[in-house]
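Provide a 3D model corresponding to the input given below.
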Amino acid sequence: RVSPRPSAALAAAEAEAAACAELMVEWPSAEAAAAGAAVPTLAAAAAAAGVFDDSAAGAARLLEALRTAYAAPALQAPLRAAAGRCGCDSLGYFGQVRDLTADIQRTIFFEFGLPPPPGGVALLRRLTTRHEREGDRRVLALGLQCRLLLGVEGGIAITDVLEVPFVRQSEPDNCVQACMKMALQWCLPDRDYSFQRLDELSGRNPGSWTWPSQAAVALAAEGLDVRLFSDAPLEGILDGGAAFLRELFGPPSAAAVLARTDLPSLQRSLAVLLNGGGDGAISCDPKGPLLVRRRLTREELHEAFLRDELVLLPIDYSRVSHFSCEAEGQPGSYNGHLVVVTGWGHKHIQVHDPLGIPNKILDLEALMDAWGAPGADNDAILIRRSAETT
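As a prediction, this is how the structure comes out:
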């Protein structure tokens, strides 16, 4: 993701219910991440496991079985040891909880018709969240008791999740194409897109950056219901080209930007966007504008995610990781990257990081800071999965 700019933080009942919405963090398979394999959708996993009782009574019975298993001394002893080593609020402790409970969950989930973890955990999380928000106090109490037994009640809670296939990027600078591939698999699971085809669709040449406008136009051309939110000076780039970019970035940044940007391809995407662009709030009309000329607030972004819209965010990766996305990146320098949001909590957020980490847990404030950094500028791509694309 190229920098389009110079480098220059509910009601009480709702909050209580959301805080009790998770039994544990859904963690990716290390083997799947290492292999870069696509993560199967939750719907497919649930279908393979069979039908389960999704009523409040069914959820309560499942939680009772988990509570009994979690209270067993054979689990409590290693959990206490792990808490002593790592601390209950650390990512390391949550990894220990995942490993220690995997066999227990797998057995109980099978008995109740759920897929194995992590898919079963995500499905249970959504099920309990729904009943808690509908005011079922039994489900609320049992969920809290399970989390207390696991020692995760005050830790990382991802209360809202979205099942999205994961794709690892194939080159240091094609994170945008990897996120496009995730979006296309989410919306059009019967179609297969190679990275070469995605380069062609987005106008990317090997070694070049991809701007959000290129991704948005390419996805829309494939039939996806896409909105790009941005207040970057796109008209100036379209009309002024290289001269405008030199003035915008200034030396020496402009030279690097121009060297890594396919300007004709970028301008073609901007022409499409600006010819069909518009202003105002998020439109529920599938024929609304492809470009919305303003920034989204954090609250609007969360609301879109809660409507099951796919959220693609450009970020300054150096603000959430010491690892550089680019081969020549230096520690502390701007590193543009694109991620797909897959989960949202009160203090943490979950993303597919195309560098190779599905469902990566990040501090929410840190991610919001990285999203608003100069270069990322709170741009956002939102995608709705319509009946025509499923």
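
which non-adjacent residue is nearest L364?
Leaving aside its sequence neighbours, L364 sits nearest to I349 (Cβ to Cβ, 6 or more residues apart in numbering; 4.8 Å). Every C-beta, even on glycine, is put in place using the N, C-alpha and C of the backbone.

Quick check: the one you found is in a strand.
Yes: secondary structure of I349 (DSSP: H, G, I helix; E, B strand; the rest coil): part of a strand.

contacting residues around R295?
Under the criterion of Cβ atoms under 8 Å, 6 or more residues apart in numbering, the neighbours of R295 are F229, S230, D231, D377, N378, D379.

For those residues, which entry has the maximal number of neighbours?
D379 (27 neighbours; other Cβ atoms under 10 Å).

Could I get the phi/psi values of the nearest residue in space to it that is not next to it in sequence?
Distance criterion Cβ to Cβ, 6+ apart; nearest residue to D379, sequence neighbours excluded, is S230 at 4.5 Å. With angles defined as degrees, to the nearest 10, S230 sits at phi -160, psi 140.

Please tell me I have it right and S230 contacts P212.
Yes: counting by Cβ atoms under 8 Å, P212 is a contact partner of S230 at 6.6 Å.

got any residues that touch both of those two?
In contact with both S230 and P212: D379, using Cβ under 8 Å, 6+ apart.

What score does G135 have for pLDDT?
The confidence metric pLDDT takes the value 83 at G135.

tell me the secondary structure for it?
G135 falls in the coil class when you classify it by three-state DSSP.

what about it, how many residues close to it?
Around G135 there are 11 other residues, counting by other Cβ under 10 Å.

how near is it to A56?
Using Cβ to Cβ, to the nearest Å, we find G135 at a distance of 10 Å from A56.

related to what we said a few turns ago, and the least confident of the contacts of R295?
Ranking the contacts of R295 by pLDDT, D377 lands last with 88.

So that one: helix, strand or coil?
D377 - assigned by three-state DSSP - is coil.

Would you check that it makes contact with F229?
No: applying Cβ under 8 Å, one finds D377 not in contact with F229, separated by 10.3 Å.

where does this protein dip in pLDDT?
1-51, 87-91, 153-157, 159, 276-288, 322-334, 387-390 (pLDDT under 70).

Please, where are all the strands along the protein?
Assigned by DSSP state E, the chain shows strands spanning 160-161, 225-229, 291-292, 310-316, 336-344, 348-353, 357-363, 380-384.

Figure out which of the ones you listed is closest to S208.
In terms of Cβ to Cβ, the element of the strands of the chain nearest to S208 is strand 336-344, at 12.5 Å.

Mind listing the strands that closest one pairs with, and their directions?
strand 160-161 (antiparallel), strand 310-316 (antiparallel), strand 348-353 (antiparallel) (DSSP bridges).

What separation is there between the residue nearest the centre of the chain and S386?
Centroid-nearest residue in the chain, with Cα atoms, centre = their mean: V341, separated by 1.5 Å. For V341, the distance to S386 (Cβ to Cβ) stands at 19 Å.

Among the strands paired with strand 336-344, which comes closest to R147?
Ranking these by proximity to R147 (Cβ to Cβ) places strand 348-353 first, at 14.8 Å.

Confirm for me that L62 is in contact with Q105.
No: in this structure, L62 is not within contact of Q105 by Cβ under 8 Å, at 10.4 Å.

So these two - more neighbours on which side?
L62 (26 against 22).

Number of residues surrounding the nearest residue to that one once chain neighbours are set aside?
Nearest in space to L62, with sequence neighbours left out and distances taken as Cβ to Cβ, 6+ apart, is F112 at 4.9 Å. Using other Cβ under 10 Å, F112 has 18 neighbouring residues.

G113 too?
G113, neighbours per other Cβ under 10 Å, totals 16.

Mind checking the strands of the chain for the one nearest to A304?
Using Cβ to Cβ, the nearest of those to A304 is strand 380-384, at 5.3 Å.

what's the closest one in contact with?
Against strand 380-384 from outside (Cβ under 8 Å, 6+ apart): 183, 186-187, 212, 215-216, 219, 224-230, 282, 286, 296, 301, 304, 307, 309-314, 371.

7 Å instead, please
183, 187, 212, 215-216, 219, 224-229, 296, 301, 304, 309-313 (Cβ atoms under 7 Å, 6 or more residues apart in numbering).

now that strand against strand 310-316, angle please.
Counting by axes from the mean of the first three to the mean of the last three Cα atoms, to 10 degrees, strand 380-384 points 170 degrees away from the direction of strand 310-316.

still on that earlier bit, thought A376 was touching the residue nearest to D379, still the case?
No: using Cβ atoms under 7 Å, S230 is not in contact with A376, being 10.5 Å away.

rewinding a little: a markdown table please, covering the strands paired with strand 336-344 and showing distance to R85 and mean neighbour count.
Conversion of the strands paired with strand 336-344 to a markdown table gives the following (distance: least, Cβ to Cβ, whole Å; neighbours: other Cβ atoms under 10 Å):
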| stretch | distance to R85 | mean neighbour count |
| --- | --- | --- |
| strand 160-161 | 28 | 22 |
| strand 310-316 | 31 | 26 |
| strand 348-353 | 21 | 25 |
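
can you put those in CSV and add distance to L150?
CSV is the format used below for the strands paired with strand 336-344 (distance: least, Cβ to Cβ, whole Å):
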stretch, distance to L150
strand 160-161, 18
strand 310-316, 29
strand 348-353, 16
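
and of those strands, who's closest to F52?
Closest approach to F52 among the strands paired with strand 336-344 (Cβ to Cβ): strand 160-161, 17.2 Å.
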